[in-house]
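*Asks:* Prediction below, plus the sequence it came from.
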Amino acid sequence: MITTRTKTAVPLGAALVLLAVAGAAYALGLPPFGQKATIKASAVCGTLGAPDSTAATLNRLLPAESSYSFDDAMTDLRTDASDDTYETSCFVNGGGRQLLSVTAEMAEYETPDSWIEEAVAQLVSRRDLVPFAAGDKAVAAGSVAAIYVPCSSQGPDRHLSVVVDLNDRGGATGEQRRRDLITLARNTAVFAHEKAKCEAPSKVSAD
């Protein structure tokens with residue numbers, strides 16, 4: 001009985017160690033469970049702008065997955081100065097879930113603060129939002145970055161509302177994640193400002 005217990009305990013302990021190692025390898029995407037895919041500039045949504053910068057940012061920001069897919073949509077593009085519509089979106093998926101969403105749309109709010117309340121504070125607590133320099137108003141947190149971009153001074157005071165929403169924080173951490181979200185928001189804002197044929201200065205530069 002003593003001999004049998006001794007022989008059984010050793011393999012059981014080894015099996016538990018192997019299971020722990022396998023679980024860690026699976027979680028990290030290490031062989032034999034696959035490696036983290038590298039996002040190439042040619043694969044990212046065109047609406048995110050600055051493909052080289054954007055790809056490098058996404059590779060830091062997103063959690064490890066063996067593959068990523070991009071759903072890019074230009075729903076409503078502004079045709080001229082009298083047009084008050086513009087809407088684009090980019091959704092990044094991996095591991096069977098949505099990792100990131102980026103939207104840009106024509107908007108008009110009474111004040112930049114009312115834009116924050118209605119377009120951004122619905123995604124993250126207002127107290128977590130930290131201002132940064134871009135557009136008429138720009139704020140970011142650990143999972144969101146948004147810019148209120150001047151577009152047209154003709155007629156209504158039209159702006160572009162650019163919002164980057166990170167649904168999975170498995171990639172970069174802390175301040176680096178916030179900087180990466182700001183980079184995506186800036187690049188998207190510059191692209192949207194040009195594509196929407198805005199004539200008001202954007203007050204935004206791409207990273």
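*Replies:* Arrived safely. Residues are numbered from 1 along each chain as shown.

*Asks:* and N59, that one's in a helix?
*Replies:* Yes. Counting by DSSP: H, G, I helix; E, B strand; the rest coil, N59 is found in a helix.

*Asks:* For this structure, give me the ranges with low pLDDT.
*Replies:* Residues of the chain meeting the criterion pLDDT under 70: 1-34, 79-83, 155-156.

*Asks:* got the residue ranges for the strands in it?
*Replies:* Here the chain has its strands, by DSSP state E, at 69-76, 87-94, 97-107, 130-131, 137-140, 144-152, 158-166.

*Asks:* most tightly surrounded among the ones you listed?
*Replies:* strand 144-152 (a mean of 27; mean count of other C-beta atoms under 10 Å). All C-beta spots, glycine's among them, are computed from the backbone N, C-alpha and C.

*Asks:* Surely R97 is in contact with G170?
*Replies:* No. With contact defined as C-beta atoms under 8 Å, R97 does not count as touching G170 (10.5 Å).

*Asks:* shared neighbours of these two, which are they?
*Replies:* Shared contacts of R97 and G170, defined by C-beta atoms under 8 Å, 6 or more residues apart in numbering, are absent.

*Asks:* Please list all residues in contact with the residue lying closest to L181 once chain neighbours are set aside.
*Replies:* Using C-beta to C-beta, 6 or more residues apart in numbering and skipping the chain neighbours, the partner closest in space to L181 is A145 (3.7 Å). By C-beta under 8 Å, 6+ apart, A145 lies in contact with 138-139, 163-164, 178, 181-182, 184-185.

*Asks:* out of the residues you listed, which one sits closest to P201?
*Replies:* A138 (14.5 Å; C-beta to C-beta).

*Asks:* ok, now which ones touch the residue lying closest to that closest one once chain neighbours are set aside?
*Replies:* Leaving aside its sequence neighbours, A138 sits nearest to I147 (C-beta to C-beta, 6+ apart; 4.4 Å). Residues in contact with I147, defined by C-beta under 8 Å, 6+ apart, are 134-135, 137-138, 160, 162, 185-186, 189, 204.

*Asks:* Please report how far N187 lies from T47.
*Replies:* According to C-beta to C-beta, to the nearest Å, N187 and T47 sit 10 Å apart.

*Asks:* more neighbours, the two?
*Replies:* Taking other C-beta atoms under 10 Å, N187 and T47 do not tie; N187 has more neighbours (26 against 20).

*Asks:* Roughly how far does that one sit from P51?
*Replies:* Distance of N187 to P51, given as C-beta to C-beta: 9 Å.

*Asks:* ok, back up a step: specify the beta-bridge partners of the residue nearest to L181.
*Replies:* A145 has these beta-bridge partners by DSSP bridges: A140, V164.

*Asks:* related to what we said a few turns ago, now the two most distant members of the contacts of I147.
*Replies:* Pairwise distances across the contacts of I147 peak at 13.7 Å for K137 and R186 (criterion: C-beta to C-beta).
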